[in-house]
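Asker: sequence isn't available, so here's the structure alone:
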């Protein structure tokens, strides 16, 4: 359970909150929750249809128009221009949630370079771009919040997820180091790394797969692994952001597996390998 009360979300009132990947899932849920508590939203996604649906929901719950942009977080110049436009149009930026992400299933030996570059460009470089370009505006706010979405797979490795693991471990390393830099320099930005477990989103259905049956992999995730609603995940994430916590682990599954890794050290790999072998039978 989060230790931040709903009243703590009063921090959001009047704040400018930027969310990438806001067209569905966690991004949409975080955007809507922040809007309910009085935040002014700047939302983006590559999915224009989903983005419009999120904007309509924000309007419904808050009466406010969201600042919406179709944005590919891989586009460095595009993100730079986007950050400047949001700050100019809304008068600054108080919080950023770098949420946009994709998944890639397949053993490392089977993955081509194009697929590896694709996931790193979105899941890692997208976070780098969002963090780098918005950081000056967060500093200027005097009480900024930067939230980068990693994953349970940024805490532990899983066979068949080498590329996703690489991207999410990289997000974790970047975010934790950046937080330390902010603290060491006395810069007024609180940095949070988020590690969701199985959340009921479309990420598995929209994933790329190499050497696996994608439909069966998505069904496995949706039926057996995705336990928490995006709305509940959003509550935990937003409360962690408002509190300025260093790490937010979302879901009982993520907390249990994180504890396993801490206790067993590298020995966790034997258990995960055996479990994954059983779970993925029939996917190839």
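Answerer: Happy to help now that I have it. What you see is a predicted model, and the numbers here were worked out from it, not measured in a lab.
Asker: what about the helices in the stretch 1-150 of the chain?
Answerer: According to DSSP state H, counting those that start in this stretch, the stretch 1-150 of the chain carries its helices in the segments 25-36, 48-62, 76-90, 113-119, 125-141.
Asker: pretty sure residue 110 contacts residue 210?
Answerer: Yes - contact criterion CB atoms under 8 Å: residue 110 and residue 210 qualify, at 4.9 Å. Bear in mind the C-beta positions are built from the backbone N, C-alpha and C, glycine included.
Asker: where does pLDDT dip in the protein?
Answerer: 1-7, 201-209, 211-226, 279-284 (pLDDT under 70).
Asker: sorry, back to before: compare residue 110 and residue 210 (neighbour count), which wins?
Answerer: Neighbours per residue, other CB atoms under 10 Å: of residue 110 and residue 210, the larger number sits with residue 210, 17 against 13.
Asker: which parts of the stretch 101-250 of the chain are strands?
Answerer: Defined through DSSP state E, counting those that start in this stretch, the strands belonging to the stretch 101-250 of the chain, from first to last, are 104-105, 144-149, 189-196, 208-209, 247-250.
Asker: residue 46: how many residues sit nearby?
Answerer: Applying the criterion other CB under 10 Å, we find 17 residues in the vicinity of residue 46.
Asker: show me the contacts for it.
Answerer: Residues in contact with residue 46 (CB atoms under 8 Å, 6 or more residues apart in numbering) are 23, 70-72, 100.
Asker: so what's the residue count around residue 9?
Answerer: Per other CB under 10 Å, the neighbour tally for residue 9 reads 20.
Asker: isn't it right next to residue 240, touching?
Answerer: No - with contact defined as CB under 8 Å, residue 9 and residue 240 do not form a contacting pair (11.4 Å).
Asker: grab the most central residue of this protein for me.
Answerer: By CA atoms, centre = their mean, the chain has its centre lying nearest to residue 149, at 2.8 Å.
Asker: which residues does that one form a beta bridge with?
Answerer: Here residue 149 shows beta-bridge partners residue 194, assigned using DSSP bridges.
Asker: so how far is residue 27 from it?
Answerer: To residue 27, residue 149 is 9 Å away according to CB to CB, to the nearest Å.
Asker: find the residues that touch each one of these two.
Answerer: Taking CB under 8 Å, 6+ apart as the contact definition, residue 149 and residue 27 share the neighbouring residues 97, 99.
Asker: rewinding a little: so can I have a markdown table of the strands of the stretch 101-250 of the chain showing distance to residue 261?
Answerer: A markdown table is the format used below for the strands of the stretch 101-250 of the chain (distance: least, CB to CB, whole Å):
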| stretch | distance to residue 261 |
| --- | --- |
| strand 104-105 | 21 |
| strand 144-149 | 19 |
| strand 189-196 | 11 |
| strand 208-209 | 25 |
| strand 247-250 | 11 |
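Asker: out of those strands, nearest to residue 130?
Answerer: Closest to residue 130 of the strands of the stretch 101-250 of the chain, according to CB to CB: strand 144-149, at 8.0 Å.
Asker: quick one, the closest one and helix 125-141 angle?
Answerer: 170 degrees (axes from the mean of the first three to the mean of the last three CA atoms, to 10 degrees).
Asker: contacting residues around residue 231?
Answerer: If you count contacts by CB under 8 Å, 6+ apart, residue 231 has them with 29, 33.
Asker: begin at 28 from now on, thanks
Answerer: Okay, residue one is now 28; in that scheme the one you just asked about reads as residue 258.
Asker: quick one: it from residue 61, how far?
Answerer: 12 Å.
Asker: same check, this time on residue 188
Answerer: Computed as CB to CB, the residue 188 to residue 61 distance reads 30 Å.
Asker: the two: which is more packed in?
Answerer: Set side by side, residue 188 and residue 61 show more neighbours around residue 61, with 27 against 21, by other CB under 10 Å.
Asker: quick check: that one touching residue 38?
Answerer: No - with contact defined as CB under 8 Å, residue 61 and residue 38 do not form a contacting pair (10.2 Å).
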